[in-house]
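A.B. asks: any chance you can model this:
(4 chains, ligands or ions: 4)
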There are 4 protein chains.
Amino acid sequence: ADIRCAQDYEIVAQRTMAEPSYAYVAGGSGRDLTVAANLAAFSQWSMYPRVLRDVKDGHTRVALGTQTFLHPILLAPVAFQKLAHPAGEIDTARAAQAMDSCMVCSTLASCRLEDVAHAAGAHKWFQLYFQTNRSDTLALLARAEAAGFSAIVVTLDASIQVASTRALQAGFRMPADCVAVNVQDASAGQPAQDIELSPGDSRIFQGVMRAAPTWPDLAWLMTQTSLPVWVKGVLHPDDARALQAAGVAGVVVSNHGGRSLDGAPASLTVLPAIRAAVGDDFPLLLDGGIRSGADVFKALALGADAVLVGRLQMYALSVAGALGVAHMIKLLREELEVCMAQAGCATLRDISSEALLRCS
Amino acid sequence: ADIRCAQDYEIVAQRTMAEPSYAYVAGGSGRDLTVAANLAAFSQWSMYPRVLRDVKDGHTRVALGTQTFLHPILLAPVAFQKLAHPAGEIDTARAAQAMDSCMVCSTLASCRLEDVAHAAGAHKWFQLYFQTNRSDTLALLARAEAAGFSAIVVTLDASIQVASTRALQAGFRMPADCVAVNVQDASAGQPAQDIELSPGDSRIFQGVMRAAPTWPDLAWLMTQTSLPVWVKGVLHPDDARALQAAGVAGVVVSNHGGRSLDGAPASLTVLPAIRAAVGDDFPLLLDGGIRSGADVFKALALGADAVLVGRLQMYALSVAGALGVAHMIKLLREELEVCMAQAGCATLRDISSEALLRCS
Amino acid sequence: ADIRCAQDYEIVAQRTMAEPSYAYVAGGSGRDLTVAANLAAFSQWSMYPRVLRDVKDGHTRVALGTQTFLHPILLAPVAFQKLAHPAGEIDTARAAQAMDSCMVCSTLASCRLEDVAHAAGAHKWFQLYFQTNRSDTLALLARAEAAGFSAIVVTLDASIQVASTRALQAGFRMPADCVAVNVQDASAGQPAQDIELSPGDSRIFQGVMRAAPTWPDLAWLMTQTSLPVWVKGVLHPDDARALQAAGVAGVVVSNHGGRSLDGAPASLTVLPAIRAAVGDDFPLLLDGGIRSGADVFKALALGADAVLVGRLQMYALSVAGALGVAHMIKLLREELEVCMAQAGCATLRDISSEALLRCS
Amino acid sequence: ADIRCAQDYEIVAQRTMAEPSYAYVAGGSGRDLTVAANLAAFSQWSMYPRVLRDVKDGHTRVALGTQTFLHPILLAPVAFQKLAHPAGEIDTARAAQAMDSCMVCSTLASCRLEDVAHAAGAHKWFQLYFQTNRSDTLALLARAEAAGFSAIVVTLDASIQVASTRALQAGFRMPADCVAVNVQDASAGQPAQDIELSPGDSRIFQGVMRAAPTWPDLAWLMTQTSLPVWVKGVLHPDDARALQAAGVAGVVVSNHGGRSLDGAPASLTVLPAIRAAVGDDFPLLLDGGIRSGADVFKALALGADAVLVGRLQMYALSVAGALGVAHMIKLLREELEVCMAQAGCATLRDISSEALLRCS
Ligand SMILES: Cc1cc2nc3c(=O)[nH]c(=O)nc-3n(C[C@H](O)[C@H](O)[C@H](O)COP(=O)(O)O)c2cc1C
Ligand SMILES: Cc1cc2nc3c(=O)[nH]c(=O)nc-3n(C[C@H](O)[C@H](O)[C@H](O)COP(=O)(O)O)c2cc1C
Ligand SMILES: Cc1cc2nc3c(=O)[nH]c(=O)nc-3n(C[C@H](O)[C@H](O)[C@H](O)COP(=O)(O)O)c2cc1C
Ligand SMILES: Cc1cc2nc3c(=O)[nH]c(=O)nc-3n(C[C@H](O)[C@H](O)[C@H](O)COP(=O)(O)O)c2cc1C
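C.D. replies: Ligands and ions are numbered 1, 2, ... in the order given. So this is what the prediction gives:
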C-alpha cells in the first residue's frame, strides 16, 4: 500500500530490515563515494518528452546474444539473500520467472544453485567468481551447466573486498545461517586473504592478489564451457575493447554497486565511452544506481542494451519475498514504459542519446 | 498586507490552504524533479542593468497572432479551481478581465465553460484535451466556439498522468464538489486508464496510450475549427518545428509545470533552442516556474513572446479570490516593468538575450 | 577584542545593532540574490602565493585621476549613517582622515555635507543623485564644491528602489532623527514616486521613470562643474565605454551592493569585461561584496584600480564609531598587504589576473 | 579498534584531543578556505578500476634523488608535536623508522633535533626556516648535518603567519612546555614581527617581510651545504621552474596545509601544471589534504613522486603515540596498494593521469 514506485521498496526496507542488515546491503566500500556517484550520475540527465507519436504497438522486447527477453530488467547477482528473507534466492528466482526477468545467481548464493535454477524460469544465468583452485572453478561451472543456467557471468571487480564503513559502524555480522553453500569452503567464496607472506612482501600484491585472475585465466575459462561468457565489472573502454577482442559474449558495465573500489566512477558516467569503444552491436549491460524506470531509460539511451538491478531486489525481497520482487520488477517495467510513451519511443531501439539532455 | 510581491501568494497560500490541497497544487509528478528544475533554470541567469536609457514611453504591449495584449502575462489552464476557492474559475475569469489578462480555461474546469467565458473579458482562450471519442472532442469544441473563446490550446503532454508523490503522501483526494463539469464523464476528462487488455499487452502501450492523440488527430482537429489552434506541452525543437509546419498558431513551451514526465527538462532550459528552431516570428509562449516579474523578463529575453502563470494563479485565488488573482497579475506586471526600466528596455521588443548573463 | 579581521565587524554588528537596522543595512532589494552573488563571486577565485620575491619596498599607493592615495580602499557613499551611530557621517569622515582614506559622502547623508567635508581629510568626494528639478541638482553641486569636495560621483543605478524583503520582514522603519538633511524635501532624496498618471499609464514607465536621468542630463551636468565626474552603478561594458566616450573621470562598477536590481550580476563577475572594454588606463573602481583584503586583492587583479567599501563601514561605525571605521580600514589594508606580500606583489601594479586561479 | 582506515585517526583525535589543540592542528589561516579546497580537490577525481591485470610482483618503491624508499608516504614537517603527545617528535621518528617512512623534522620541533635524528631510521630530512640572522641559519644547518639528516627542506611559504580563526575561537594557547627548543629564541622560530618601523612604513612590507628570504638567500644557502636542498611551499609553475633552474633537489608542492595564505589554491589543483613545467624527471612531492591511500594514488597520478602527510600524523600521534603513527602509515600504504591493485598498477610508475577521470 505504501509502495507507489519501485524506489519505495528502498524506503520501506529501511524501516523493516534490521538496521545492520540494511546498512550491509545499502553500504558500499569505504566511504560510499561511488555509491553516491552512481545515483548522482542519473540525475544529471533529463529526458525529452515528444508529442503526438504513435506508440500503440510499443513493447520492451530485447535480444541479448541468442536469447530474447520481454523487457530489459535483469536481476543482478546478489550474494547471501537469506539475509533479506528466509527463502533467500529461491523466492527471487520465483519472482524472476513470474515477471519474465532473468535472474543472475551469485556464486555466493545462500541457497543451492540447483534449487535456484529449478525455481527460476526460462532465463537464468550463473555469476561465477574464480576460485583459488582451477578445479574448484571447474566444479562450480559444471554444476551451473548441469543445473541449466544458460550463461556465465564472470565478475572481475571483486578481487579485493574493502569492508563497508557503514556496515561496520552499524555492527553488521553475517548471520550463521547465511552461508555461501555452493563453494567448497564458505569463507573461500572470495579470494583467500591469509596467504603466508615472505618478509617484505605486501599483504595486497603478494597476498590477496596472488590468486586474482588475469587474462590467461579468462582465456582458459572460455575453453572450459560452451555457454556464453559475460564479464561483469568493467569501467574502462580499453578493458571493454580487450574483452570484446577476447571473445566474451558481452560486458556488464558495473562498479559492483560501489562495493569494490571506493572512488571508482559511476557506471553511467563511463557508459557512453564504452559503447563508443565496442561499437553499436556488442552486448552491453549496466548496473549501479538503478532505482526507477527513468534510470533504466537513461541507461538504455546512453548505450546499454539492458540493466541489472541489485539493491532494489534485496529491498523488495525483504519487504515481501517473491511477491515483493515480482512487484518491484513490474513497477520498474511500467515506469520504463511510461517514460518511453512520453518520450515517444515505441521500442527500446528508439531510445537514443538524443532523447536526453544533460542538465548539469 | 503580507503580500509585497507576486511570489508572496505562494507563501501565504501555504499557510492558508488545507495541506493536502496545497500539496496537490504545488506537487509535480513523481519526485518533483522537473518542478525543481523549472525554478532552478531561472536562477541561472542574471539581468544587466543599463544606465541613462530613456524609458518614459515604455509599455508592455504584445501581439499574439491577431490579438494584442496590454501585457505578456496570461493565465495558464488550471483544472478544478473550486479546490482553491468556492467561486472557482469564475473568479479567475473576473480577475483576468480586470487586469487585461487572457484566461485559458481548462477542459477540466470545475465551472461551466459558458459561465467562465461570460465572466472573462475580451481575451479568453479554451484549453482542449482530446477526448477518447472524436464526437466528444467536437462537442467541446463547438461549445467553446459558441461561448466566444477566441483560440484553442490543445494540451499534448498529459496523455499519461503520474500521480504526485507529494499529494499522495499528504493524503489528497479530490473533493466531491470539485468535478470536471464540462466533460461527458467527469473521470473521462483524461484518457481512459482501464481499457481491456489482451494477454501480453502492456497497460501503457496498448492501454493508456491507445487513445492518445497522434499527428493525424491534430490535423483532423485543425480542419474542425476556424479558431487559431495553439499546442501546449512542447519541449523538443523538432516537435516545435513540425507543429509550425503543420500550421498551428503557436506553441506553448511547457512541461505542464512538472506534472507530466518527471525528469523532463525545465521549459526555460529548452526555450532558446526552440526559438532558434522556429525562427523569430513564430509565436511562442512559455510556462513553468514563473514566480516573479524577473522570471517573465528572462523568459522573454530567451525567446518567449509571452508567458502563462499556473500555480501563482491558484495560490492567489485561494488567498483572496478574484481580488487576489487580479492583485497577483498587477504585481507581476509591475515587477516586469521594474526590470525593464532598470535594464533600459522600453518595450518587450527591447528585451533580448543580450540583456542576460549566464551566472552558473 | 573580538575583532581579528575586517569582516569580524559584520559578525559583531549583527549582535550589537537593533535587528531591524541590521536587516536594513545587510539586506538587498527583493530576495537578496545579487547580495549573495556579490559574495560568491569572490570565492570563485584563488590567489597564487609566490616564493622568494623581494617586497621590502612594497607599498599600496595608487593614483586615481590627478589624486594620489596611500591605499586603494575608499569609503562608499552610504546614506543615513545616524542609523548606525549618533555621530553619523561625521565619525566616518574622521576615520577616513585618520586612515588616509577617501570618503564619498552620500546625497542622502544624515549630517550636513559641509560638516562632513570639514571632518574629512584631504580626500573627500561627493556622491550626487540627480534631483527632480535641475535647480535642486545645481544647488547640491554648488554646496559640494564650496565645501571642498574634490570629485562628484553620480549614482545612476537607483532610479527605482525596490524595498528589501529582509528589512520589511524585520519591521524596519527609518527613525525620525535619521533624515536626508541636505536635500530640499528629505523624502525627495530619491526620485518622486507619486506623480499623477493618466489612465493607461504605467506607474513605472510614466511615473517613477519620468524623472530618471538620461544621457542628455549627464552631458548637461558635466558642463555645470569643473570637478571630475565619476559615474557609479555600471555593470555593462557598453555603458562603461559610452561613459568613457562621454568624458567621465572614471566609473564605479557596482550594483549598489545588491540594493537596486535584484538579479543583477555580481560586480566582480562583470569587471574583467568592463576593463577590457575601456582599456588599461581608464579609472575603474569596484564595490559590492568587499569583506576582506583578499577581496580587495582579487578586485584589483581583475581590473579595478581601487575599491569602495559599503556595509563594512556601517558595521564598524555601529560597533565603535570613528575608531571602529578607522580600525576596519586599517585591518583591510593590512590584509591586502599580507596577500600582496605572499603573492609577491610589491605594488598594486604587480597585481594582475595572473595572480589568480579560477577555482570553480 | 575504532580505527579501520587512516582517516579514522582524524575522527578519533577530534574526540580525544583537547578541543583548542585539535582546533589548532585542524585549522588553517583565516577562514580555512584553502584547508577546504585541499580536501575538495581530491574528491573531483575518480579512479578507473582495471580488470585481469597481473600485479603479483607489485611494490611501492620509489627513488627520490639518490635515496630509495619502500613507499611514497613521508611525514611532513609538523612543529610542536608535544602538543599531541608527551614524547613529541621522538615518537613520530620511531614510527617513521618502524614503517620505513622518512620523517621531515621541523625547525620548530619541540624535541632536540639530535634526539629526533637518533630515533628516526635510515631516512630523515630536516626542514629549515631561514632565521633572521644568517649565522643562526648556519648554526641550525650545521647541527642538522651533524645529526645525520640527509636532506634539507627549506620552507618558503611561511614568511607571514596569519592566525587560525578556528584556533583563536577555541581559545588555543601554546602550552608552556611546548617550545621550539632548537632555535635561539623560541619565539623567533618564525620571522620577527615587531621590528621598529619609520612613520609611513608598512608593518607588513617594511616590517614582517624585511627579513623574508629572497632568491639570493636561497642561492647562498645552497653554497653552505652539500646536502640536497628541497624547497617546500611552491604553488606556481613559474616558481617551480625557477627553483629547478636554481638547482634545488626537488620541490614540495604545498600550501602549508592551508595554514599560510588563506585563499591559495589547493595543492592538488596546481600539481599538473607544475609537473608540466618541470618535466617528467624532476622530483616533486605534494602535501595538503592527504587523508587516504586513494588520495596518495591521485597525487601520484597527477604528477607527484611521493607525498607528505601532515595532520594525520599529529592525529595518530595524539591517539596512540608511536604506535598510532606507525599504524596510520601502514594503513595509508595498504590503502594505496589496494587502489593500485584495483587500478591494475603494479608499480608507482604505472600510475598515470590516465588512471583518473575528472568527475566534476
Ligand atoms: C548485498 C549485495 C551483494 C552483492 N553480491 C554480489 C555478488 O555476489 N556477485 C556480484 O557479481 N555482484 C554482487 N553484487 C553487486 C551487484 O551485482 C550489482 O553490481 C550492484 O548491486 C548494482 O548496483 P545497485 O545495487 O545500485 O543496483 C552485490 C551487491 C549487493 C548490494
Ligand atoms: C493544479 C494544476 C492543474 C493544472 N491543470 C491543467 C489543465 O487542466 N490543463 C493544462 O493544459 N495544464 C494544466 N496545468 C498546467 C498549467 O497549465 C501550467 O502548464 C503549469 O502550471 C505552469 O507551471 P507553474 O505552475 O510553475 O506556473 C495545471 C497545473 C496545475 C498546477
Ligand atoms: C545602507 C546603505 C546605504 C547606501 N546608500 C547609498 C547612497 O546613498 N548612494 C549610493 O550611491 N550608494 C549607496 N549605497 C551603496 C554603496 O555605495 C555601495 O555601492 C555598496 O554598499 C557596496 O557593497 P557592499 O555593501 O557589499 O560593500 C548604500 C549601501 C548601503 C548598504
Ligand atoms: C600543526 C601543524 C604544524 C606545522 N608546522 C610546520 C612546520 O613547522 N614547517 C613546515 O614546513 N610545515 C609545517 N606544517 C605544514 C605541513 O608540513 C604540511 O605542509 C601540511 O600539514 C600538509 O597538509 P595536511 O595537514 O592536510 O596533510 C605544519 C602543519 C600543521 C598542521
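A.B. asks: where along the stretch 1-150 of chain A do the helices fall?
C.D. replies: For the stretch 1-150 of chain A, helices defined by DSSP state H, counting those that start in this stretch occupy the ranges A:8-16, A:19-26, A:33-43, A:89-98, A:113-119, A:134-147.
A.B. asks: and the angle from the third one to helix A:19-26?
C.D. replies: Angle of helix A:33-43 versus helix A:19-26, following axes from the mean of the first three to the mean of the last three C-alpha atoms, to 10 degrees, is 60 degrees.
A.B. asks: could I get the pLDDT score of A:Arg173?
C.D. replies: The per-residue pLDDT reported for A:Arg173 equals 95.
A.B. asks: cool, A:Ala186 as well?
C.D. replies: At A:Ala186, the pLDDT value in this model is 52.
A.B. asks: also A:Leu261?
C.D. replies: pLDDT, A:Leu261: 97.
A.B. asks: I figured it was touching D:Cys339, is that so?
C.D. replies: Yes. With contact defined as C-beta atoms under 8 Å, A:Leu261 counts as touching D:Cys339 (6.9 Å). All C-beta spots, glycine's among them, are computed from the backbone N, C-alpha and C.
A.B. asks: common neighbours of those two, please.
C.D. replies: The contact sets of A:Leu261 and D:Cys339 overlap at D:Met47 (C-beta atoms under 8 Å, 6 or more residues apart in numbering or on different chains).
A.B. asks: partners of whichever helix or strand A:Val307 is part of, with directions?
C.D. replies: Using DSSP states H and E, the element containing A:Val307 is strand A:306-309. Here strand A:306-309 has these sheet partners by DSSP bridges: strand A:73-75 (parallel), strand A:284-287 (parallel).
A.B. asks: out of those strands, which is closest to ligand 4?
C.D. replies: Across these, ligand 4 has its closest neighbour in strand A:284-287 (35.7 Å, C-beta to the nearest ligand atom).
A.B. asks: may I have the secondary structure class of the nearest residue to A:Leu141 once chain neighbours are set aside?
C.D. replies: Nearest non-adjacent residue to A:Leu141, counting by C-beta to C-beta, 6 or more residues apart in numbering or on different chains: A:Thr225, 5.7 Å away. What DSSP: H, G, I helix; E, B strand; the rest coil gives for A:Thr225 is coil.
A.B. asks: hang on, A:Thr225 packs against A:Ile152?
C.D. replies: Yes. Using C-beta under 8 Å, A:Thr225 is in contact with A:Ile152, at 6.1 Å.
A.B. asks: the two: which is more packed in?
C.D. replies: A:Ile152 (25 against 16; other C-beta atoms under 10 Å in any protein chain shown).
A.B. asks: for the more buried one, give its distance to A:Gly250.
C.D. replies: Note on A:Ile152: its distance to A:Gly250, by C-beta to C-beta, to the nearest Å, is 11 Å.
A.B. asks: tell me if the host helix or strand of A:Val270 is near chain D.
C.D. replies: Element membership of A:Val270, judged by DSSP H and E, is helix A:267-278. Yes. Using C-beta under 8 Å from any C-beta of the partner chain, a contact is recorded between helix A:267-278 and chain D, made by A:Thr269, A:Val270.
A.B. asks: need the residues of the stretch 201-350 of chain A near ligand 1, please.
C.D. replies: Those residues of the stretch 201-350 of chain A that sit near ligand 1, judged by C-beta under 6 Å from any ligand atom, are A:232, A:254, A:256-257, A:259, A:287-290, A:309-311, A:314.
A.B. asks: next step: those restricted to strands.
C.D. replies: Assigned to strands by DSSP state E, the following of those qualify: A:Lys232, A:Asp287, A:Val309.
A.B. asks: state the pLDDT value of the closest residue in space to the second one that isn't next to it in sequence.
C.D. replies: Counting by C-beta to C-beta, 6+ apart, the nearest residue to A:Asp287 once its immediate chain neighbours are dropped is A:Leu308, at 3.9 Å. Residue-level confidence at A:Leu308 comes out at 98, pLDDT.
A.B. asks: for A:Leu308, the count of nearby residues, please.
C.D. replies: For A:Leu308, the count of nearby residues is 28 (other C-beta under 10 Å).
A.B. asks: surely it touches A:Met103?
C.D. replies: No. If you go by C-beta under 8 Å, A:Leu308 and A:Met103 don't touch, sitting 10.0 Å apart.
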